[in-house]
Each structure stands twice: as structure tokens, then as C-alpha cells.
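Enquirer: Generate coordinates for the sequence data below:
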Amino acid sequence: MKELIQLVKVMLVEKKLIMLSILLGFIAAISSVGLLGSGGYLISQAALHPPLYTLTVTIILVRFFGLTRAASRYAERYFSHKATFSILGRLRVYFYDKIEPLAPALFSSYRSGDLLSRVVADVEKLQFFFLRVFYPPLVMVVVFITTGIIIYTFSVAMAVVLWIGFLIVGVALPTIFTYFTENIGSNLRQKRSQLSVEITEYLFGFTDLRTNLRLSEKKNTIEKVSDELINEQEKDGVVSGSGESVSLTLAYLTAWVVLVIGVIYVDRGTLDGVFLAMLVLVTLTVFESATPMAAIPGHMEESKVASRRLFQITKQEEKPPKKAEVSPRIPTDQPLKVKFQNVSFTYPNAWRKALKNVSFQVNEKRKIAIVGASGSGKSSLFNLLLKFYEGYEGEISLGNHCLHEFREEEARSLFSVVSQENHFFNDTVRANLLLAKPEATDDELLNVLSNVSLSQLSLDDVLIEKGLSLSGGERQRLAIARMILKDAPIVLLDEPTTGLDSITEKEVQSVLWPHLEQKTVILITHRLVGLEKMDDIIVLDKGEVCEQGSYDELIEQKGPFYDLKRLELEKVM
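Expert: Numbering: from 1, shown residues only. Now for the predicted structure:
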């Protein structure tokens, strides 16, 4: 329920559209009641063959209610759906703003298919919270109170029957069916998420699955999960259909009871028979606003599960930053030093430390390399510098300021990153470059493409997702172009030439290094080629600094770095 309260807070930003939808919904519902009521009265009156002029007012009312119902129903649909789409848009932006600072921490806790299901399918499901859960009960209550007061003026007993029917159909039945749909809704969301996970892994891992002869096994798994999802959907459909059938039955039963009471009153002479048809039709029509209540339990449960799953991924498990209200102002056109002092860090839900009492300093314009085997903690240093995680011990400083003092955006503005796998969007070259410098002109973009030997690319060329339309070397040079455009004081290089052949690697390095002379550079690599140009080398082992020094010093010491270098040379031989 806490998640639904948060959801309502996000929704209420569109309170004008919401209030307008409720008002128009009430007008449409009460116009339906008025149309059927005045129509029943008109038929009863006409059966007595009165002068035509006595029916004029009733005929005008029938036309008025008919036109009002059509116009208000159209307007209600328009504004309620406009409110829904606007709410969905705000929800998407809200959740993106929440989860963007948490990446890549999210990927260590959630599978990519599960995340995709949450931020796409779960948000889509929340559209029914407003259309089917939030405002229909409000309209129903107001319509029933208004209609009950009208019927009360003719018969207390009929009004009591109407309100009893309202309590049963509008309150008791949804409560009962909420109990039955509680587990179904949860299972349904889980199965949908599981199917999304399996299909995502099938699509993105198709080559690996086929290579390892696991394609048929994965297909069987998808079919099994799909069958389980269909079964859960059938159960949900049976419960929803049963709720609507019972609601309609009770609505008709209430109308029959009103009819019987009316016949008795007419027989006793306490009620004019000309009003009987009107009262019965009014009773029957007012339940049109109550029958949607039968579907509320299912939509409510789905909304609860969807909102719970969405708000779950926005909860940071790391320790909150000590200071982040006002970031220090640091010029981005001057080199900065980076300092780690006794930094220890454990990933969320992990059992061992990724870093243990790591201490080192990179002075302005200095260039260091961080080497070590896989799992030694190299990437963890980058994750902490970029504020992907906050729950670490010790202190990290940028310039003379603690990293905790920076907001995520301000901290990341001080870094340019070139990694092994740089992401490019399915958009033009221009759009992908402007991510680094939104105000850059076309002349600047063309100049930087020329600097990285990509003059053959046009700014209007459209890249395939992840830049798959480019070669490996072209992708790395385009990433270097973004680094040059951003012109941040600190450059982080994460295996920038891994996976490239030796010729392409030399081409990328010849483009990269001339732009790093005035920058503070931190290079993560497991390849020890070309480290002679680095000012300092730090060797990590199991999250600890086991060795530090220049290339020549480490070779002379014949320690861990010497062993790594010797193993690399043996592989080449």
C-alpha cells in the first residue's frame, strides 16, 4: 500500500485533468440516469394519452440528457485518457530519473530482462490504476448518493434497497474478490517478468546458446514459462468474469426488488404508478457506475504488484552521501588530482570485499595504470569514482574536495570515459556526439571526427544500436571523439583497446594519446603492452594494492607485475 501512496503522489501532479475527468464522469453517469428515468416517465405518461403540451418538458429533458450524456462521455474519455497518458509519461521520467544514478548497481541485482519488464510492462500496467481503480469509485459514490436522495423523495424503502445493493456490489464484492485475486495478480506479474527475462536472454544470447548447443533447451524453457503464464491469465480471466457476472446479477436483483416494492406501493395507492417505470429504470441504470467495481480487485492487485516492483528498484541499498545538497564548483578546464585513502568497498549482497584499504594518489596531469587479474577490483575503482555506488569506507577526493560533496551529475562532469564497450544509440552520428557536448556546432563535430580519422562518416549517418554498423576500431575512435568533445579534466580508460587486433590497436592509441597530455589519466587494463609511458603503475590483487611504482621499478623488483608481464610474453611466444 505504501507504493500505491507514492504512486498517487506522482499522479496528483495532473490534478487538474484528474478533477476534470471525475466531474465529467459524474455528469455522464448522472445524465444516463436522467435519460433512462425521464424516458421511463415519458413512456408511462404517454400511455395515459395526455395532451401533447403536457409532455413537452419531459421530451425536452430526454433530449437534454441524451445530448449531455454523449458530450460528457466523450469529454470524459478524452480528458481521462489524456490524464492517463500524461501520468504514464511522468512516471517514465520519474523512474528514469530515479534509476539512472543507480546504474550499473542495478545490473548486479537484477537481470536485464527483469529490468526491461519492470520499466516497460509494469509502467504500462499502471495506466489502469487511474482508469479502473482511482476515479471510478469516486464517481460511483457521488452518483449513488445523488440518485439515492432522488429515490428517497419517492420511497424510503426503495432508497434503502438501493443503498444496500450499492454496499454489496460496490464494497462487499470487490473486497471478497480482492482476497481471491491477491495471489493470482502476484503470480501473473512474476510469470510475465520471467517470460520477459527468458526471451531477452534468448534474443541477446542467441549466438552463445547456438554455439553451446543450448538453443533447444532455452526454447523449451520459454514454452514452459509461456504455458504457465497462459494458465495464470486464464485464472485471472475466470475471476474477473465471475466478478462482473455476480455484480450484474445483483444489480438486476436490486432492480427487481425495487420493482416489487413499487408494485406494492402502487397497489396501496402510496405511489403514483406513472413513476414506477422511472424508478426501476433509474435503479437499473445507476448500477452501470457500480459494475466496473468488480474489475477493481484485479486491477488493484496488478497495480500494487507493478508499483511495488518499480519502487523496489529505486531504493538505494548503499549508504546515502554525507553531503550532496550543493556541489563544490571546480573548473572543468584545469587538471585535477585524484586521491584514494584507505578505501574499502563491498558490493550490495556480496559476501567479500571488492576493495580493501586501497590508498593511492594521482597528481595533476599524471598518468597511472591499474593492472591485475579479473576480479582484483580494478573496475570497482571506476564505479566509485563515477558515484555508481556510495557505500564505501575511507575517503575519495577530487582536487581538494571529498567525492561525497558532489552530486552524481557534477561528479561525472569531471570525467571522460573510454571503455572497452562504449554505448551508441540507434541515431545519427551527430546525436551520439552531442551527448558529450550538447552545444557543439557542426563545424566542431566535423573537426573532431577529422582528428580521430573518421572523416568518412557524415553527421547524418545513422548508427545501429551499440554502433554495430561500425568496425571495432571505428567505434573506439568515435568514443575518443566524444572524450575530446567533453574535454573533462580527468580521463578514465577502461580496457580501451581490448578485443582489437594489433594494427587497429596501434591506430587507436595513435589517435588517443596525443589528446591526453594535459589530462589526469587513469587506465585500467589487463594488457601490459605500452605501459612504459605511464608515470605510475598500481597492481591490485584480491582488492588490495600489492605493488606500486614505475614500469622499470616494478620490472626490477620482480614481483607480481613482473610475473604478469612474463606470463603475457609467454602467451605471445
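
Enquirer: Report the mean confidence score over stretch 92-100.
Expert: Here stretch 92-100 scores 78 as its mean pLDDT.

Enquirer: Give the residue spans of the stretch 351-500 of the chain that score low on pLDDT.
Expert: Low-confidence segments of the stretch 351-500 of the chain (pLDDT under 70): 498-500.

Enquirer: quick one: the helices in it?
Expert: 378-385, 408-412, 429-434, 442-451, 472-486 (DSSP state H, counting those that start in this stretch).

Enquirer: Same check on the stretch 1-150 of the chain?
Expert: Going by DSSP H, counting those that start in this stretch, the stretch 1-150 of the chain shows helices at 2-11, 15-47, 56-99, 105-109, 112-116, 123-125, 127-128, 136-152.

Enquirer: Pipe the ones you listed into CSV and attach distance to residue 213 per row.
Expert: To be clear about C-beta, it is placed using only N, CA and C from the backbone, and glycine gets the same treatment. Formatted as CSV, the helices of the stretch 1-150 of the chain follow (distance: least, C-beta to C-beta, whole Å):
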stretch, distance to residue 213
helix 2-11, 43
helix 15-47, 55
helix 56-99, 36
helix 105-109, 27
helix 112-116, 22
helix 123-125, 36
helix 127-128, 42
helix 136-152, 53
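
Enquirer: Mind putting the ones you listed into TSV with mean neighbour count?
Expert: As requested, the helices of the stretch 1-150 of the chain are arranged in TSV below (neighbours: other C-beta atoms under 10 Å):
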stretch	mean neighbour count
helix 2-11	15
helix 15-47	20
helix 56-99	16
helix 105-109	15
helix 112-116	18
helix 123-125	17
helix 127-128	18
helix 136-152	19
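
Enquirer: so which of these comes closest to residue 311?
Expert: helix 2-11 (4.7 Å; C-beta to C-beta).

Enquirer: how far out from the middle of the chain is the closest one?
Expert: 14 Å (C-alpha atoms, centre = their mean, to the nearest Å).

Enquirer: Tell me which of the helices of the stretch 351-500 of the chain lies nearest to residue 550.
Expert: helix 378-385 (18.9 Å).

Enquirer: What score does residue 329 have for pLDDT?
Expert: Residue 329 is given a pLDDT of 66.

Enquirer: Likewise for the one 3 residues further on?
Expert: Note on residue 332: pLDDT of 62.

Enquirer: Kindly report the same for residue 294.
Expert: 65.

Enquirer: Residue 142: what's it in contact with?
Expert: Residues counted as contacts of residue 142 (C-beta atoms under 8 Å, 6 or more residues apart in numbering) are residue 26.

Enquirer: Could you check how far it is from residue 115?
Expert: 41 Å (C-beta to C-beta, to the nearest Å).

Enquirer: I'd like the helices of the stretch 351-500 of the chain laid out as TSV, including distance to residue 540 and mean neighbour count.
Expert: Listed next are those as TSV, based on distance: least, C-beta to C-beta, whole Å; neighbours: other C-beta atoms under 10 Å:
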stretch	distance to residue 540	mean neighbour count
helix 378-385	6	21
helix 408-412	22	17
helix 429-434	33	20
helix 442-451	33	15
helix 472-486	24	23
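
Enquirer: quick one: which of those helices is nearest residue 169?
Expert: Closest to residue 169 of the helices of the stretch 351-500 of the chain is helix 408-412 (C-beta to C-beta; 50.6 Å).

Enquirer: number of nearby residues for residue 269?
Expert: If you count neighbours by other C-beta atoms under 10 Å, residue 269 ends up with 8.

Enquirer: Next, count neighbours for residue 492.
Expert: Residue 492 has 22 nearby residues by other C-beta under 10 Å.

Enquirer: The one 4 residues further on too?
Expert: As a burial measure, the neighbour count of residue 496 was computed by other C-beta under 10 Å and equals 24.

Enquirer: ok, residue 361 - contacts?
Expert: Here residue 361 is in contact with 337-340 (C-beta under 8 Å, 6+ apart).

Enquirer: what's the most distant pair in those residues?
Expert: Maximum pairwise distance among the contacts of residue 361 (C-beta to C-beta): 11.1 Å, between 337 and 340.

Enquirer: can you map out the strands along the protein?
Expert: Assigned by DSSP state E, the strands in the chain fall at 338-345, 355-362, 367-371, 392-398, 401-402, 415-419, 490-494, 520-524, 536-541, 544-549.

Enquirer: Of these, give the one that comes closest to residue 227.
Expert: Smallest distance to residue 227 across the strands of the chain (C-beta to C-beta): 40.7 Å, for strand 415-419.

Enquirer: Give me the contacts around that closest one.
Expert: 382, 385-386, 436, 476, 479-480, 482-483, 486-488, 490-496, 512, 519.

Enquirer: residue closest to the middle of the protein?
Expert: residue 119 (3.0 Å; C-alpha atoms, centre = their mean).

Enquirer: That one against residue 93, yeah?
Expert: No - counting by C-beta atoms under 8 Å, residue 119 stays clear of residue 93, with 11.5 Å between them.

Enquirer: quick revisit: now the strands of the chain as TSV including distance to residue 190?
Expert: Listed next are these as TSV, based on distance: least, C-beta to C-beta, whole Å:
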stretch	distance to residue 190
strand 338-345	32
strand 355-362	35
strand 367-371	41
strand 392-398	34
strand 401-402	42
strand 415-419	34
strand 490-494	35
strand 520-524	38
strand 536-541	40
strand 544-549	41
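
Enquirer: which one of these lies closest to residue 134?
Expert: strand 392-398 (41.8 Å).

Enquirer: Which positions in the closest one come out as buried?
Expert: Residues of strand 392-398 classed as buried: 392, 396-398 (neighbour count, 16 or more other C-beta atoms under 10 Å).

Enquirer: One more: stretch 354-367?
Expert: The neighbour-count criterion (16+ other C-beta under 10 Å) identifies 354-356, 358, 360, 362, 365-367 as the buried residues of stretch 354-367.

Enquirer: ok now that stretch, how far from the chain's centre?
Expert: Here stretch 354-367 is found 36 Å from its chain centre; the criterion is C-alpha atoms, centre = their mean.

Enquirer: swap in stretch 347-364?
Expert: Using C-alpha atoms, centre = their mean, the mean C-alpha position of stretch 347-364 is found 30 Å from that of the whole chain.

Enquirer: residue contacts, the closest residue to residue 459 other than its chain neighbours?
Expert: Closest residue in space to residue 459, ignoring its immediate chain neighbours: residue 430 at 4.0 Å, by C-beta to C-beta, 6 or more residues apart in numbering. Residue 430 is in contact with 442, 445, 459-460, counting by C-beta under 8 Å, 6+ apart.

Enquirer: For residue 562, state which of those residues is nearest.
Expert: Looking across those and measuring by C-beta to C-beta, the closest to residue 562 is residue 445, at 44.6 Å.

Enquirer: residues contacting the closest one?
Expert: Per C-beta under 8 Å, 6+ apart, neighbours of residue 445: 429-430, 433-434, 459, 485.

Enquirer: Could you provide these in JSON lines, with additional columns for distance to residue 285?
Expert: Output for the contacts of residue 445, formatted as JSON lines (distance: C-beta to C-beta, whole Å):
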{"residue": "429", "distance to residue 285": "61"}
{"residue": "430", "distance to residue 285": "59"}
{"residue": "433", "distance to residue 285": "62"}
{"residue": "434", "distance to residue 285": "58"}
{"residue": "459", "distance to residue 285": "62"}
{"residue": "485", "distance to residue 285": "65"}
